[in-house]
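Colleague: Need a 3D model of the following:
(one chain, ligands or ions: 1)
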Amino acid sequence: VALAGRSHEDFLQCLSLSSDNTLSISTLVYAPSTPSYSSVLEFTIQNLRFNTSSTPKPLVIVTPTKVTEAQATVSCSRKHNMRIRIRSGGHDYEGLSYVAPLPFVVLDLINLRTITIDVGSNTAWVQSGATLGELYYQISQKSRTLAFPAGVCPTVGVGGHFSGGGYGLLFRKYGLAADNIIDALIIDAKGNVRDRASMGEDHFWAIRGGGGNTFGVVIAWKLRLVQVPPTVTLFSVPRTVEQNATNLIYRWQFVGKKLPQDLMLQVILSKSNTTGLASFNALFLGGVDRLLPLMQERFPELGLVKEDCREMSWIEAQVTFATSFASNVSLNVLINRNSSFRGNFKGKSDYVMTPITEKALEGIWENFRQLESVNMVMTPYGGKMSEISPYSIPFPHRAGVLYEIGYAVAWIEGTSNASQRYIGLTRKLYNYMTPYVSKNPRAAYVNYRDLDIGMNNEDYTSYRQARVWGIKYFGNNFDRLVHVKTKVDPTNFFRNEQSVPAV
Ligand code: FDA
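Modeller: Next comes the predicted model:
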C-alpha cells in the first residue's frame with residue numbers, strides 16, 4: 001500500500017510537471033479522494049460484475065482533453081512503473097479497460113471525441129473517445145447515403161471496437177470496421193505520436209484488429225465511409241419453438257451465407273417466458289419491392305410479408321436496431337451515452353463452419369432453461385467477408401466461416417454466488433456447442449473477450465503460453481502480431497491479461 005501510495009504521488013507530480021500550463025492537468029485527474037471519482041469510473045462500466053466493492057480500483061483516472069496530456073500520462077506511467085489501462089467506451093466484456101492488478105492508472109479518452117466528416121473525399125477522422133452512435137449521428141448530419149460498417153450498440157467506443165475488428169449490419173457488404181480504416185494517430189510505448197506513415201505498415205496492420213491496450217494508445221482513426229441507398233428495409237420476424245423456430249434456424253444455415261451481400265439476415269436465439277425464441281432480423285440495402293421476391297425465392301419458409309417490413313434511411317435503421325425494433329425513436333438515442341445496456345454478464349463467441357443438425361439445435365433450448373437471460377446472436381458470413389484475405393488485417397475469420405455466434409448470458413443478482421452460477425451455466429452451454437463449431441483451434445472473436453480461453457501471467461508471459469489464446473483470436477496472424485509487438489514495445493509496457501506479448 002505504501003509503495004502504491006508513493007508511485008501514485010510521484011506519478012501525479014510527474015503529470016503536473018509535464019503539463020503545458022494552458023490547462024491545469026489537475027482538473028483532468030481523479031484520485032479516490034476526488035468527490036466525482038466513482039461517478040467518473042462508473043460512467044462507462046457496462047459489465048456490473050466488475051463494479052463491486054472487491055473490484056481493484058485505479059489509483060488515478062486521467063481524462064485528457066489534449067493529445068499532449070495523453071502523452072504525458074503514458075510517459076509518467078512508464079517512468080513511475082504504473083500499469084496503464086486505456087479506456088474508450090468501457091464495453092470490454094471482461095472489464096480489462098478499467099480493472100488491473102494494483103497499482104494502475106486508467107487513461108480514459110472520453111474527452112477526446114471530435115469527429116470530422118469530409119463528404120468530398122468520403123472520409124472521416126474520429127477520435128477514440130467517440131461512440132459508434134456519435135459517429136453514425138455525425139455522418140447522418142452530412143449525408144443520407146454515407147455510412148460506416150461497424151457495430152449495432154451505439155454506446156460502444158470506437159477506440160476498443162476498431163482495435164478488435166468491429167462488425168455490424170453492413171459487414172456482408174463492406175467487411176469489418178477495421179477493414180475500412182485508412183490511417184490512425186497513436187501514442188507509442190515511448191510516448192511519441194505517430195501516424196500511418198511514421199509508424200510503418202507492420203504497426204498499422206497490427207492496430208486494426210490485433211486487440212486493444214497492446215500496440216499503443218489509439219488517439220484517432222481515419223475512416224473510409226461507404227455508400228448506402230437513401231432507402232433501406234428492415235424486418236424482425238420472431239418465431240417460438242412452437243412456431244417451428246428450430247427447423248427455421250436449421251434451414252437458415254443453408255441460406256444466410258448465400259444471400260446477396262445487400263441483405264444481412266441475422267438470427268438471435270433467446271428465451272421468452274418458458275419457451276425458446278428465434279428472431280430473424282434483417283437489414284436490406286434497397287426497397288421492400290426487391291426484398292419480398294428475394295425472400296420468397298431464397299427463404300420462403302419464413303413466410304415474410306410486406307407488413308413485417310419497414311422502409312427508412314440507414315440512420316433510422318441503426319436507431320431501430322439499437323432499440324430492438326421500437327418505432328418512432330429519435331435519432332438522439334445515438335448520442336445518449338446513458339442509453340446502454342448495463343448488467344452482470346458473461347460473453348463468449350464461436351465460429352460455425354458447417355450446418356448444425358436440427359437435433360443438436362434442439363439441445364440449445366435445453367441449455368437455456370436454467371438461464372435468466374440469454375442471447376445467441378448468429379451472424380451469417382459470405383459477401384465481402386469471404387473475399388477479404390485472412391491476412392489482410394489481424395482478424396482471421398473469413399472465407400470458410402458459415403456464421404459467427406456471439407453468446408451473452410446476463411443476470412440481475414449482483415452477488416458472487418450468482419456470478420459463479422451463471423458463468424458456470426454459460427460454460428456448460430459453450431461445452432455443449434463444442435462438437436458443432438470450429439476446431440483446432442476453436443476460434444473466438446477478440447472483441448467478445450473471454451478470459452476462459454487462456455490468459456497471460458501478471459508480468460512475463462512466454463510465447464507458448466500466449467499462443468494458447470492467441471491463435472484462437474488471430475489464427476496464423478498471431479506470430480506476426482508477436483513480431484510487431486516485440487519491435488514496437490519490447491518491454492511490454494502496454495499489456496493486459498490477453499495482450500499479445502513481446503518475446
Ligand atoms: P473499452 O474501452 O472497454 O476497450 C476495450 C479494449 O480496448 C480494452 O482492452 C481497452 O484497454 C482497449 N482500448 C480501448 N480504447 C483504446 C484505445 N484508444 N487505444 C488502444 N486500446 C484501447 N462488437 C461488435 O463487433 N459488434 C457489435 O455489435 C457489438 N455490440 C456490443 C454491445 C454491447 C452491449 C457490448 C458490451 C459490446 C459489444 N461489442 C460489439 C463488443 C465491442 O466491440 C468490444 O467490447 C469493444 O472492445 C468495445 O470497445 P470500447 O472502446 O467500448 O471498450
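
Colleague: can you pull the contacts of residue 342?
Modeller: With contact taken as C-beta atoms under 8 Å, 6 or more residues apart in numbering, residue 342 is in contact with 45, 46, 47, 48. Placement of C-beta: from N, CA and C, glycine included.

Colleague: count of residues packed around residue 274?
Modeller: 8 (other C-beta atoms under 10 Å).

Colleague: ditto for the one 10 residues further on
Modeller: Residue 284 sits with 26 neighbouring residues when counted by other C-beta under 10 Å.

Colleague: cool, and residue 320?
Modeller: Neighbours around residue 320, by other C-beta under 10 Å: 20.

Colleague: among the contacts of residue 342, which two are most distant?
Modeller: By the measure C-beta to C-beta, 46 and 48 form the most distant pair in these, at 8.0 Å.

Colleague: Of the contacts of residue 342, which are in range of the ligand?
Modeller: residue 46 (C-beta under 6 Å from any ligand atom).

Colleague: now residue 311: how far from residue 266?
Modeller: 19 Å (C-beta to C-beta, to the nearest Å).

Colleague: quick one, which of the two is more surrounded?
Modeller: More neighbours surround residue 266 than the other of residue 311 and residue 266, with 22 against 16 (other C-beta under 10 Å).

Colleague: my guess is the more buried one is in a helix, correct?
Modeller: No: counting by DSSP: H, G, I helix; E, B strand; the rest coil, residue 266 is not part of a helix but strand.

Colleague: Quick check: phi and psi on the residue of the stretch 201-350 of the chain found nearest the ligand?
Modeller: Nearest to the ligand in the stretch 201-350 of the chain, going by C-beta to the nearest ligand atom, is residue 212, at a distance of 2.1 Å. Note on residue 212: backbone dihedrals following degrees, to the nearest 10 are phi -80, psi 170.

Colleague: show me the contacts for the residue nearest to it when sequence neighbours are not counted.
Modeller: Excluding the flanking residues, the one nearest residue 212 by C-beta to C-beta, 6 or more residues apart in numbering is residue 163, at 4.0 Å. Contact analysis of residue 163 by C-beta under 8 Å, 6+ apart lists 178, 207, 208, 209, 210, 211, 212, 218.

Colleague: Please apply the same query to residue 462.
Modeller: So residue 462 contacts 501, 503 (C-beta under 8 Å, 6+ apart).

Colleague: run the last query once more with 10 Å
Modeller: Residues near residue 462 by C-beta atoms under 10 Å, 6 or more residues apart in numbering: 456, 501, 503.

Colleague: now do residue 465
Modeller: 454, 455, 456, 457, 501.

Colleague: Show me which of those residues are buried.
Modeller: 454, 455, 456, 501 (16 or more other C-beta atoms under 10 Å).

Colleague: Please enumerate residues in contact with stretch 242-250?
Modeller: Contacts for stretch 242-250 (C-beta under 10 Å, 6+ apart): 237-239, 241, 251, 255, 267, 269, 275-280, 299, 301-303, 355-362, 364-365, 376, 378.

Colleague: which of the residues in stretch 74-81 are buried?
Modeller: For stretch 74-81, by 16+ other C-beta under 10 Å, it's 74, 75, 76, 77, 78, 80.

Colleague: would JSON lines of those residues with distance to residue 61, secondary structure and pLDDT be doable?
Modeller: Rendered in JSON lines, the data for the buried residues of stretch 74-81 read as follows (distance: C-beta to C-beta, whole Å; DSSP: H, G, I helix; E, B strand; the rest coil; pLDDT from 0 to 100):
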{"residue": "74", "distance to residue 61": "15", "secondary structure": "helix", "pLDDT": "96"}
{"residue": "75", "distance to residue 61": "17", "secondary structure": "helix", "pLDDT": "95"}
{"residue": "76", "distance to residue 61": "14", "secondary structure": "helix", "pLDDT": "94"}
{"residue": "77", "distance to residue 61": "12", "secondary structure": "helix", "pLDDT": "94"}
{"residue": "78", "distance to residue 61": "18", "secondary structure": "helix", "pLDDT": "94"}
{"residue": "80", "distance to residue 61": "16", "secondary structure": "coil", "pLDDT": "92"}
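
Colleague: now, which of those residues sits nearest residue 128?
Modeller: Nearest member of the buried residues of stretch 74-81 to residue 128, counting by C-beta to C-beta, is residue 74, at 13.7 Å.

Colleague: Could you list the contact residues of the stretch 301-450 of the chain toward the ligand?
Modeller: Taking C-beta under 6 Å from any ligand atom as the contact definition, the stretch 301-450 of the chain meets the ligand at 341, 447.

Colleague: List the residues that contact the closest residue to the ligand within the stretch 401-503 of the chain.
Modeller: The nearest approach of the stretch 401-503 of the chain to the ligand comes at residue 447, 3.7 Å away (C-beta to the nearest ligand atom). With contact set as C-beta under 10 Å, 6+ apart, residue 447 has these partners: 91-93, 151, 156, 160-167, 176-178, 209, 211-212, 347, 349, 395, 406, 473.

Colleague: Where does the prediction get shaky in the stretch 201-350 of the chain?
Modeller: The stretch 201-350 of the chain contains residues with pLDDT under 70 at 339-340.

Colleague: can you pull out the helices in it?
Modeller: 201-207, 245-252, 288-298, 314-322 (DSSP state H, counting those that start in this stretch).

Colleague: highest average neighbour count across those helices?
Modeller: Most buried of these, by mean neighbour count (mean count of other C-beta atoms under 10 Å): helix 314-322, with a mean of 23.

Colleague: Could you pull out the buried residues of stretch 417-424?
Modeller: Neighbour count says stretch 417-424 has 419, 422, 423 buried, by 16+ other C-beta under 10 Å.

Colleague: so the first one sits right up against residue 52, yeah?
Modeller: Spelled out, that is residue 419. Yes: with contact defined as C-beta atoms under 10 Å, residue 419 reaches residue 52; the gap is 9.1 Å.

Colleague: what residues are shared contacts of the two?
Modeller: Contacts common to residue 419 and residue 52, judged by C-beta under 10 Å, 6+ apart, are residue 344.

Colleague: Around the ligand, which positions in the stretch 51-200 of the chain sit nearby?
Modeller: Counting by C-beta under 6 Å from any ligand atom, the stretch 51-200 of the chain sits next to the ligand at 85-93, 96-97, 109, 128, 151-153, 156-157, 159-161, 163-164, 166-168.

Colleague: List the residues that contact residue 203.
Modeller: Counting by C-beta under 10 Å, 6+ apart, residue 203 makes contact with 184, 186, 188, 194, 196, 210, 215-216, 484-485, 487-489.

Colleague: what about it, distance to residue 487?
Modeller: 8 Å.

Colleague: now swap in residue 240 and tell me
Modeller: The separation that residue 240 has from residue 487, given C-beta to C-beta, amounts to 54 Å.

Colleague: same thing with residue 250?
Modeller: Distance, residue 250 to residue 487, by C-beta to C-beta: 48 Å.

Colleague: same deal with residue 215?
Modeller: Look at residue 215 and residue 487: by C-beta to C-beta, they are 10 Å apart.

Colleague: More neighbours: which of these two?
Modeller: Taking other C-beta under 10 Å, residue 215 and residue 487 do not tie; residue 215 has more neighbours (28 against 13).

Colleague: which of the residues in the helix or strand hosting residue 465 are buried?
Modeller: Using DSSP states H and E, the element containing residue 465 is helix 463-474. For helix 463-474, burial by neighbour count (16+ other C-beta under 10 Å) applies to 466, 467, 469, 470, 471, 472, 473, 474.
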